[in-house]
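Engineer: Sequence first, then the predicted structure:
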Amino acid sequence: MNTVSIVFKVHHPFYLRSYRFFDIGQRHNYYDDYRNKYLLKRFSERTYYRANAMLNGLLDKHGDKFGFSFVFTGCSMDQMEWYMPEVLDNFKTLIAREGVELLATDYSSSATAILDRELWKKQVKLHRERLAEVFGQKPSVLAGSHLLYDDEIGESVAQMGFAGVMTEGAKPVLGWKSPHVLYSHPTSKLKIILRDGVLSEDISLRFSDKNSGLWPLTAEKFIERMQVDRDATNGNDHITLYMNYGVLGEFQDEGSGIFEFFEALVNHIVSDTDYVFVNPSKLCSLKEDYPALYVPFTVSNLDEEKDLTALYANDLQKDVVENWRRVCEVMRVCTDEELQKDFRFLMGVENLGFMSTKYFTTRPSIRYLNPYDSPYDAYINYMNVWSDFLERLEAEDLLNENGTMKKEDFIAAVKATGRVASAKLKKMAEEAGSKVNELKNTKGKEAVAKGKAALEKARKEAVKVSKKVAKAAKDNETVAKGKVALEKARKEATKASKKVAKVVKATVKEVKAEMEKEKKAAAKKATAAKKSTVAKKPAVKKTATATKKKATTTATKKTAAATTKKATAKKPAAAKKTSAKKK
């Protein structure tokens, strides 16, 4: 039997607001509500209402001959409930119909599956419970974040009781094998459903691309491409089309003809081919033996490589992932609901995608989905938020469900706290040292005050760490280990404090001495200048007198010359008058 499965992913990550360094410890609202609401509204108007109406019409027309599935993340449900509950109600009406199925995933489309398997299981369980609460369905097939999968993940999926898992039909794994075949896990009965990346991206990426060689893509042309590998599957061809629901109307706008294409495609498959629409859960319920598929390394549906390089390639992304990895152990025992919620939202892989330097300048048509000007801006903003989250986490006790601390958790926490305390004290000592250097350069009272403030901050942090470790200790065995870590932290704090105090004291003394020297030198210079001025006064007077006399003589001479010239000029005139009278 030749079958087709269509799976749409509905996901809205929580975008972070602009979070400054000075917000750390002051503001715990991390999310950009305006952007989150704007994008949900935009997708609803351009995709959800229009596409839901189209799918409802196709279900009415074809009945049980047509069906499809959704991967609906927890973040999407939360945002629709908070910002636009009417959109969620619209989805509820569609999903309640026969032929519509939901698949499970991790709650926030995170990378927890490759960081901490136990924590990932908890998030998948929480997502299944949320789907049952909102839509009344309990999925039996899982499609992880970006279809992340390897043999170890498959083993965990089987342990959680799922019948099947969906992943990418990546060439590095398949080799000569076809993605149009159902496979099974090597060591369990878990069914593996492979996405056909080429056909899925023909619609999601290349549908309106005039340079793709496919344009214009029609339903007839697409069905021809579906049948290319049929000879290799011996009449059991299965094709899985998996794409973001936003392809219908948002990523491929309505003017491209995407809605008309999709409707025509469904109509042609139902009426003109031998393909049958089947949902993933029905595929996994078939009692057949399928060939085993070994996936020794993690694959995904990202980029052409179908690996993790879009999420874990540069130093920015690696630093964030290592920060996540260190916190996972603590989050297993954290009972604070707000911290757990923020942890899920902050673990979204989109945050890593924004930091990618791989294809940052490509695909400008959906550039609005990335709010940052560069990967480095994304990293700085994220790490500011993460620093505040860590401060909140450090203020919480790591308790079991019964309110007592596990010995192994306490030991790990004490060690971690000791490492954090040592790092903080070292950083504070360096800051105090920089303040001292600043003091030497500026030679002012303000720098002295800053040095003292840095010293006081180091002391307070040491006291805070000491109290925290002492509070966590509950029994004799852990108290002894806690005291060791406490004593070590105290010694480091005392040592750093003494060192800083000594340097600050010496520097203050040196600055005072230098300032005194400069004061005396300035006084001497002023006295010498005064004496020099007094000595020069008589010479100035003589010069002024001589100048005055010279000016008077010059003026007298000029007056005499002018008088003589005037008298000379009058003589010819008088002579002329006398001559005239005689005549």
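Structural biologist: Right, received. Where do you want to start?
Engineer: Ala132 and Leu102, how far apart?
Structural biologist: Distance, Ala132 to Leu102, using Cβ to Cβ, to the nearest Å: 10 Å. The C-beta positions use only the backbone N, C-alpha and C, and glycine is treated the same way.
Engineer: Of the two, which one has the most company?
Structural biologist: Neighbours were counted for Ala132 and for Leu102 using other Cβ atoms under 10 Å; Leu102 has more, 23 against 13.
Engineer: Need the phi and psi values for the more buried one.
Structural biologist: Dihedral pair for Leu102: phi -110, psi 140, per degrees, to the nearest 10.
Engineer: which residues sit in contact with it?
Structural biologist: Neighbouring residues of Leu102 by Cβ atoms under 8 Å, 6 or more residues apart in numbering: 69-72, 95, 131, 135, 137, 139.
Engineer: which of the residues you listed are buried?
Structural biologist: 69-72, 95, 131, 135, 137, 139 (16 or more other Cβ atoms under 10 Å).
Engineer: Pass me the low-pLDDT residue ranges in the stretch 101-250 of the chain, would you?
Structural biologist: Applying pLDDT under 70 to the stretch 101-250 of the chain flags residues 231-233.
Engineer: Could I get the full set of helices for it?
Structural biologist: 117-134, 151-159, 171-174, 197-204, 219-226, 230-233 (DSSP state H, counting those that start in this stretch).
Engineer: Nearest to Met355 among those would be which one?
Structural biologist: For the helices of the stretch 101-250 of the chain, proximity to Met355 was assessed by Cβ to Cβ; helix 117-134 is nearest, at 21.4 Å.
Engineer: Buried residues, that closest one. List them.
Structural biologist: Neighbour-count burial for helix 117-134, with 16+ other Cβ under 10 Å as criterion, is recorded at 119-124, 126-128, 130-131, 134.
Engineer: give the contact list for the residue nearest to Gln159 when sequence neighbours are not counted.
Structural biologist: Using Cβ to Cβ, 6 or more residues apart in numbering and skipping residues adjacent in sequence, the residue nearest Gln159 is Lys121, 7.9 Å away. Neighbouring residues of Lys121 by Cβ under 8 Å, 6+ apart: 156, 159-160.
Engineer: returning to that earlier point: just send the helices of the stretch 101-250 of the chain back as CSV, with distance to Met331 too.
Structural biologist: Compiled in CSV, the helices of the stretch 101-250 of the chain are given as follows (distance: least, Cβ to Cβ, whole Å):
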stretch, distance to Met331
helix 117-134, 6
helix 151-159, 17
helix 171-174, 31
helix 197-204, 33
helix 219-226, 44
helix 230-233, 44
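Engineer: distance of the residue nearest to Gln159 from Trp386?
Structural biologist: 24 Å.
Engineer: pLDDT-wise, which helix or strand of the chain ranks last?
Structural biologist: In the chain, the helix or strand scored least confidently by mean pLDDT, DSSP states H and E is helix 407-442, which has a mean of 56.
Engineer: Hmm, Ala313 is touching Leu352, no?
Structural biologist: No. Counting by Cβ atoms under 8 Å, Ala313 sits too far from Leu352 to count as a contact (9.4 Å).
Engineer: quick one: which of these two has more around it?
Structural biologist: Higher neighbour count among Ala313 and Leu352: Leu352, with 27 against 16, using other Cβ under 10 Å.
Engineer: Quick check: the gap between that one and Arg20.
Structural biologist: Distance, Leu352 to Arg20, using Cβ to Cβ: 22 Å.
Engineer: With Phe135 instead?
Structural biologist: Taking Cβ to Cβ, one finds Phe135 at 39 Å from Arg20.
Engineer: swap in Phe389?
Structural biologist: With the distance defined as Cβ to Cβ, Phe389 ends up 15 Å from Arg20.
Engineer: quick one: contacts for the spatially closest residue to Leu302 that is not a sequence neighbour?
Structural biologist: Counting by Cβ to Cβ, 6+ apart, Leu302 lies nearest to Ala310, which is 4.5 Å off, once chain neighbours are set aside. Each residue near Ala310 by Cβ under 8 Å, 6+ apart is listed here: 300, 302-303, 352-353, 356, 358-359.
Engineer: So which of these is surrounded by the most neighbours?
Structural biologist: That'd be Leu352 among these, by other Cβ under 10 Å, with 27 neighbours.
Engineer: who touches that residue in this structure?
Structural biologist: 111, 310-312, 317, 320-321 are the contacts of Leu352 under Cβ under 8 Å, 6+ apart.
Engineer: could these be laid out in TSV, adding secondary structure and distance to Leu283?
Structural biologist: As requested, those are exported to TSV (DSSP: H, G, I helix; E, B strand; the rest coil; distance: Cβ to Cβ, whole Å):
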residue	secondary structure	distance to Leu283
Ala111	coil	27
Ala310	coil	29
Leu311	coil	29
Tyr312	coil	31
Gln317	helix	35
Val320	helix	37
Val321	helix	34
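Engineer: Which single one of these is nearest to Ser76?
Structural biologist: Checking the contacts of Leu352 against Ser76 with Cβ to Cβ, the nearest one is Ala111 at 17.9 Å.
Engineer: That closest one and Ala310, how far apart?
Structural biologist: Going from Ala111 to Ala310 by Cβ to Cβ gives 11 Å.
Engineer: cool, and Asn323?
Structural biologist: Separation of Asn323 from Ala310 (Cβ to Cβ): 19 Å.
Engineer: do Glu260 as well
Structural biologist: As judged by Cβ to Cβ, Glu260 and Ala310 stand 32 Å apart.
Engineer: swap in Ser212?
Structural biologist: Distance of Ser212 to Ala310, given as Cβ to Cβ: 21 Å.
Engineer: right, and Ser256 touches Phe207 too?
Structural biologist: Yes. Shown here, Ser256 and Phe207 form a contact pair, counting by Cβ under 8 Å, at 6.4 Å.
Engineer: Who has more neighbours out of the two?
Structural biologist: Using other Cβ under 10 Å, the more surrounded residue of Ser256 and Phe207 is Phe207, with 22 against 17.
Engineer: Domain parsing of the protein, as residue ranges.
Structural biologist: Domain assignment of the chain by automatic domain parsing yields the ranges 3-13+33-306, 350-523.
Engineer: Could you identify which of those is most buried?
Structural biologist: Highest mean neighbour count among those (mean count of other Cβ atoms under 10 Å): domain 3-13+33-306, with a mean of 18.
Engineer: End to end on that domain, go ahead and measure it.
Structural biologist: One end of domain 3-13+33-306 to the other measures 24 Å (Cα to Cα, to the nearest Å).
Engineer: check contacts around the spatially most central residue of the chain.
Structural biologist: The centroid of the chain falls nearest to Asn351 when counting by Cα atoms, centre = their mean (3.5 Å). By Cβ under 8 Å, 6+ apart, the contact list for Asn351 reads 13, 16, 320, 378, 382.
Engineer: Can you tell me which of those end up in strands?
Structural biologist: Using DSSP state E to define strands, no part of these is located there.
Engineer: In JSON lines, list the buried residues of helix 117-134 along with distance to Asn29.
Structural biologist: Shown next, in JSON lines, are those (distance: Cβ to Cβ, whole Å):
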{"residue": "Leu119", "distance to Asn29": "24"}
{"residue": "Trp120", "distance to Asn29": "27"}
{"residue": "Lys121", "distance to Asn29": "29"}
{"residue": "Lys122", "distance to Asn29": "25"}
{"residue": "Gln123", "distance to Asn29": "23"}
{"residue": "Val124", "distance to Asn29": "27"}
{"residue": "Leu126", "distance to Asn29": "22"}
{"residue": "His127", "distance to Asn29": "24"}
{"residue": "Arg128", "distance to Asn29": "29"}
{"residue": "Arg130", "distance to Asn29": "23"}
{"residue": "Leu131", "distance to Asn29": "27"}
{"residue": "Val134", "distance to Asn29": "25"}
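Engineer: what's the closest of those residues to Asp274?
Structural biologist: The closest of these, once distances to Asp274 are taken by Cβ to Cβ, is Leu131, at 33.0 Å.
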